[in-house]
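Trainee: Following is a predicted model, sequence given first.
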Amino acid sequence: MPLRQIVLASPETLSDMLLAAEDRYQDAEELLAQRRYDGCVYLLGFSAEMWLKAVCMRLRGLTPADLVMPALPALRKLMKQIAPAVLFTDYHDLSFYVRSIEALRLDMLRPLAPDLQRELNAKMISVLYAEWIVDMRYRRSGRTEPQAWQSLESAWWIKSNWIQFL
Amino acid sequence: MPVHRYVAKRPPEQADLVKRLAKEWQSTNSTAEEPVILEEPNRQGQIEHVYVVWGDWAHLDRTLRGEIIMDAAEKVKPKADVVKITIAMGLTPDEADRFGLKWRSKRTA
């Protein structure tokens, strides 16, 4: 069956997304080894996005078998209630998911520990949010080896630590 | 130079779908074939998952359909109930059948 049909017929679950996040991360490592820095950063952004989304979904009580896409508008609506000042640009907005994690934890009366919050902002906002935007697909962005390494280190951090946010 | 505030509006069609869905959601004696709205409660009886089957939004992507459901929910439910919804899934009849959703029997139940 063609991939388009497969994807449309079986919407992604949280479990699928976590596997995809691992795959995109490993693909990015391969691209870094091949000195394909733009492609490397491009895939790292997606992998980080998926781990951040996974944290948001788990904090909302969703299970590994629950669907990803139908959970996002509900998260957006919740954020309008509990953190109306948080900006939303689109569903690839890393900053939105970082702020959602902070707000969800606060709403659960379990605010993030200051060290963890500082690290989250340093890795996801100062590095990956600054270095990655989904629209980069339409251009050669000229990322350098140090920039790609820095993005990899940040993506590795969320890959290794996303569980800590639950 | 005069400065005017520009407020981006959603396409009128989306607003129309929200309005129609909300109207159907509120209706207690609807005879319309679609949209079909399925509310799935959790163990405490709170609605957590909402599925809507509707042919009219076949051309819209799934995220947009989810936004329409959430906007309609906001019109028909108290805010405290809206924020408990974690899944808002919009499907066409064909997609719902492929997905295995028992929506036809629910409609007649």
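Mentor: Received the coordinates, thanks. Numbering: from 1, shown residues only, chains lettered A, B, ... in the order given.
Trainee: Quick check: residues of chain A near chain B?
Mentor: Counting by CB under 8 Å from any CB of the partner chain, the positions of chain A adjacent to chain B are A:8-9, A:11, A:60-62, A:66-67, A:69-74, A:76-78, A:81-82, A:91. Placement of C-beta: from N, CA and C, glycine included.
Trainee: Which of the helices or strands spans the spatially most central residue of chain B?
Mentor: Most central in chain B under CA atoms, centre = their mean is B:Ile69, positioned 2.6 Å from the mean C-alpha point. Assigned by DSSP states H and E, B:Ile69 belongs to helix B:62-76.
Trainee: Report the buried residues of the helix or strand following that helix.
Mentor: For helix B:62-76, the succeeding helix or strand toward the C-terminus, using DSSP H and E, is helix B:79-82. By 16 or more other CB atoms under 10 Å in any protein chain shown, the buried positions in helix B:79-82 come out as B:Val82.
Trainee: Give me the contacts around helix B:79-82.
Mentor: For helix B:79-82, contacts defined as CB atoms under 8 Å, 6 or more residues apart in numbering or on different chains pick out A:Lys77, A:Gln81, B:Gln46, B:Ile47, B:Met70, B:Ala73, B:Glu74.
Trainee: Tell me the most packed of those residues, by neighbour count.
Mentor: For these, counting by other CB atoms under 10 Å in any protein chain shown, the largest number of neighbours falls to B:Ala73: 27 neighbours.
Trainee: List the buried residues for stretch A:61-68?
Mentor: Buried residues in stretch A:61-68, counting neighbours by 16+ other CB under 10 Å, are found at A:Leu62, A:Asp66, A:Leu67, A:Val68.
Trainee: what does stretch B:86-100 give?
Mentor: For stretch B:86-100, using 16+ other CB under 10 Å, the buried residues are B:Thr86, B:Ile87, B:Ala88, B:Met89, B:Gly90, B:Leu91, B:Thr92, B:Pro93, B:Glu95, B:Ala96, B:Phe99.
Trainee: What number of neighbouring residues does the nearest residue to B:Val18 once chain neighbours are set aside come out with?
Mentor: Spatial nearest neighbour of B:Val18, excluding adjacent residues (CB to CB, 6 or more residues apart in numbering or on different chains): B:Asp71 at 4.5 Å. Neighbour count of B:Asp71, defined by other CB under 10 Å: 21.
Trainee: so how far is A:Ser154 from B:Asp71?
Mentor: Separation of B:Asp71 from A:Ser154 (CB to CB, to the nearest Å): 34 Å.
Trainee: Can you tell me which residues in chain B are near chain A?
Mentor: B:48, B:62-63, B:66-67, B:69-70, B:73-74, B:79, B:82-83, B:85-90, B:95, B:98-99.
Trainee: go again using 7 Å as the cut-off
Mentor: Within chain B, the positions adjacent to chain A are B:62-63, B:66-67, B:70, B:74, B:79, B:82-83, B:85-89, B:98 by CB under 7 Å from any CB of the partner chain.
Trainee: What is the neighbour count of A:Glu102?
Mentor: A:Glu102: 18 surrounding residues under other CB under 10 Å.
Trainee: same deal with the one 10 residues further on?
Mentor: Residues within reach of A:Leu112, counting by other CB under 10 Å, total 18.
Trainee: returning to that earlier point: residues touching the helix holding B:Ile69, excluding its own?
Mentor: Helix B:62-76 is touched from outside by A:69-70, A:72-74, A:77, A:91, B:14, B:17-18, B:21-22, B:25-26, B:50, B:52, B:57, B:82, B:85, B:88-90, with contacts defined as CB atoms under 7 Å, 6 or more residues apart in numbering or on different chains.
Trainee: Selection in PyMOL covering whichever of these are buried, please.
Mentor: Applying 16+ other CB under 10 Å to the contacts of helix B:62-76, the buried members can be selected in PyMOL as follows:
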select buried, (chain A and resi 69+70+72+73+74+77+91) or (chain B and resi 14+17+18+21+22+25+50+52+57+82+85+88+89+90)
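Trainee: The contacts of helix B:62-76 in helices, which ones?
Mentor: A:Leu72, A:Pro73, A:Ala74, A:Lys77, B:Gln14, B:Leu17, B:Val18, B:Leu21, B:Ala22, B:Trp25, B:Gln26, B:Val82 (DSSP state H).
Trainee: how about those, which pair is most distant?
Mentor: Spatially, the most separated pair among the ones in helices among the contacts of helix B:62-76 is A:Leu72 and B:Gln26, at 25.1 Å (CB to CB).
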